[in-house]
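[1] structure for this input, please:
(one chain, ligands or ions: 1)
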Amino acid sequence: MTTTQELLKTSTKSNFVQYPLEPLSREEVATAIAIIRNERKLGETIRFTTVILNEPPKNLVLNFKDGDRVNREALMILLDNATGAVYEVVVSLTQKTTIQWKHIPEVQPAIMLDEFIECEAVVKASPEFQEAIKKRGITDTDLVIVDPWSAGNYGIAEEMGQRIVRALCWVRSSPSDNGYARPIEGVIPVVDLNKMEVITVEDYGVVPLPPQDGNYSQEFIKNYRTDLKPLEIVQPDGPSFQVEGHKITWQKWQFRIGFTPREGLVLYTIGYEDKGRIRPIIYRASLVEMVVPYGDPKEPHFRKNAFDVGEYGVGTLANSLKLGCDCLGEIHYFDAVMPNSRGDVATINNAVCLHEEDYGILWKHTDWRTDEVEVRRSRRLVISFIATVANYEYGFFWYFYQDGTIQYEVKLTGIVNTTALMPGETSKYGTLIAPQLNAPIHQHFFNVRLDMHLDGENNSVYEVNTQSEPISATNPHGNACYAEATLLGTESEAQRIINPLAGRYWKIVNPSEHNSLGQPVGYKLMPGDNILPFLHQDSSIIKRAGYLTKHLWVTPYDATEKYPAGDYPNQHIGGEGLPEWTKANRPLENTDVVVWYTFGHNHVPRPEDWPVMPTGYIGFMLKPVGFFDGSPANDVPPSPSKHSCH
Ligand code: CO
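    Residues are numbered from 1 along each chain as shown. The predicted model follows:
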């Protein structure tokens, strides 16, 4: 264990990082915490909710040359449990001093993983809670599981200024049983996380525990199917990617990664090598918010609206991945470094997985006259992490393809949220998935922030709709149709929703850079499956997550605009983020644009989602449109003959 004094004395070698966006090392995180503790004489009540790289300004990063000295800074969010005060702090690791200490009034930072554990313990120890579960025949608190759910903001005076969660509880029938099979319906312990005490235990009436187990683990499944033969992924010469620090090079792709407690995986400076130079495409890309509103209006379930990014932090909840299970093939793992809330630096080993996958046919043509066949296998580079948010699992996957395509996909699995019903009862707002076990309807909304950088900072965004032309002298047979591009010139014009029947997509171009055909270079954002929320405009959740009402938002780059529902959505009354910023209606043409894409997965639960959901998928694609002079995949070589299809 390194002491504070040792950390403070360590050499200034941290100045000589490979690149300004390299994530903080273990030593840097520990040093930053030691500096602030030493300077401010911080006591036991201070919790470290975030300690990350304070990203240097964009112009510094873009003008960085090998060997340049970089000032390293840590950005921290601290919570004082004694006062409830929140501080945004910047510590210079280069100067070994605090350069910002800012009190942020009336906010609640995200719920910390340590608070999950402490909250469960305090609920189980509460006599009022024990009394409530006794009414339901439960006496063994060891078998009880307590998930702290964010409280939201419903304008209730007693909740204001308190750091609270409303816990949902279940009970296992044995220590390794799937507890989500048996909701302790109607019992809601409300916990003050600053005092770490149960404020009250709400009780909405006894509903019996559902009768059936819902187990899925190896211990319980006895009759596996027996006809599955081995399928091996072999890369005898290793993978085709190179990793240097957090820089990844794969064929013509190049990018860097970071990892934050809030967003998880962050991609930086994505570029593609073309004619001997790396052409920039995206400066920074990450998942910046997620909201899961549930559709059951009854007490206590109407309050379920988890912001999994802003209220929990999908990065802190990242899994440690294991070879051969989560990913297949030649894998490179990256660890994620972050402290726990008490300031002890921990590492999530193997938090990020990098590997290659065969992806079927890249392209093919048979010249039927000569019988000449040309076919190429598609390979994609996969970089991903998986977060467990209490009952649910989310896999967050970026894919890079040989034809210049970038894909983002969320994989939804894990266990659905469950409630108990009386025998014979069904719910209009959910699906019976096992006897007396209900899964409420809900939606998962994601928002990805794309700081676009197509061949330079100044880009424009167009909406492209395909139109059919009325019959006229120039369209006598009624077959005419054409793609029409409309400039989204201001922030209000750039608030858009999908229209699959018009083949709608959004195209980002650099109006100053052209391909050999004279077209401005571009990439299109292609929406996939998507939906809007079914929430009323006046609902609390729409006030707090107004960004859900549009699929596309575009803003001019502002370093302070990072999260579409604001910096501190936990218990926030709302009105922050994209809807607020875009009131300025700033111009967007030929400027440094940030594209925000919202996509929603509508989840009407099925019995087949129980006990563990087979994976659901949702995401979007970014495809080059005139970015290249022709197919960039034409130089992919044929596969060696032993793998060919002859
Ligand atoms: Co779901």
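
[2] burial measure for Asn634, as a count.
    Look at Asn634: counted by other Cβ atoms under 10 Å, it has 11 neighbours. In this view, the C-beta of every residue, glycine as well, is placed from N, C-alpha and C.

[3] any chance you could list what contacts stretch 205-220?
    By Cβ atoms under 8 Å, 6 or more residues apart in numbering, the residues outside stretch 205-220 that reach it are 135-138, 171, 173, 176-178, 180-186, 221, 420-423, 434-437, 610-612.

[4] ok, now with 7 Å
    135-136, 171, 173, 176-178, 180-182, 185-186, 420-422, 434-437, 610-612 (Cβ atoms under 7 Å, 6 or more residues apart in numbering).

[5] shaky segments in this protein?
    The model of the chain has pLDDT under 70 over residues 1-17, 323-324, 641-646.

[6] how is it carved up into domains?
    4-104, 113-203, 241-624 (automatic domain parsing).

[7] would you turn those domains into JSON lines with mean neighbour count and distance to Ala633?
    Formatted as JSON lines, the domains of the chain follow (neighbours: other Cβ atoms under 10 Å; distance: least, Cβ to Cβ, whole Å):
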{"stretch": "domain 4-104", "mean neighbour count": "17", "distance to Ala633": "28"}
{"stretch": "domain 113-203", "mean neighbour count": "18", "distance to Ala633": "43"}
{"stretch": "domain 241-624", "mean neighbour count": "18", "distance to Ala633": "4"}
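
[8] show me what the host helix or strand of Asn465 is packed up against.
    Using DSSP states H and E, Asn465 sits in strand 458-468. Judged by 3 or more Cβ pairs under 7 Å, 6 or more residues apart in numbering; DSSP states H and E, strand 458-468 is in contact with strand 481-487, strand 505-514, strand 591-603.

[9] identify all contacting residues around the first one.
    Applying Cβ under 7 Å, 6+ apart, the contact partners of strand 481-487 are 460, 462-469, 507, 589.

[10] from the residues you listed, which single one is nearest Asn391?
    Closest to Asn391 out of the contacts of strand 481-487 is Glu463 (37.9 Å), distances taken as Cβ to Cβ.

[11] do you know how far the nearest residue to the closest one once chain neighbours are set aside is from Trp506?
    In space, and not counting its chain neighbours, Glu463 is closest to Thr486: 5.1 Å by Cβ to Cβ, 6 or more residues apart in numbering. According to Cβ to Cβ, to the nearest Å, Thr486 and Trp506 sit 10 Å apart.

[12] what's the answer for Asp177, then?
    For Asp177 relative to Trp506 (Cβ to Cβ), the value is 47 Å.

[13] give me the element the spatially most central residue of the chain is part of.
    Centroid-nearest residue in the chain: Leu287, 3.9 Å away (criterion: Cα atoms, centre = their mean). Taking DSSP H and E as the criterion, Leu287 maps to strand 277-293.

[14] now Pro211
    Residue-wise, Pro211 maps onto no helix or strand under DSSP H and E.

[15] for it, the count of nearby residues, please.
    12.
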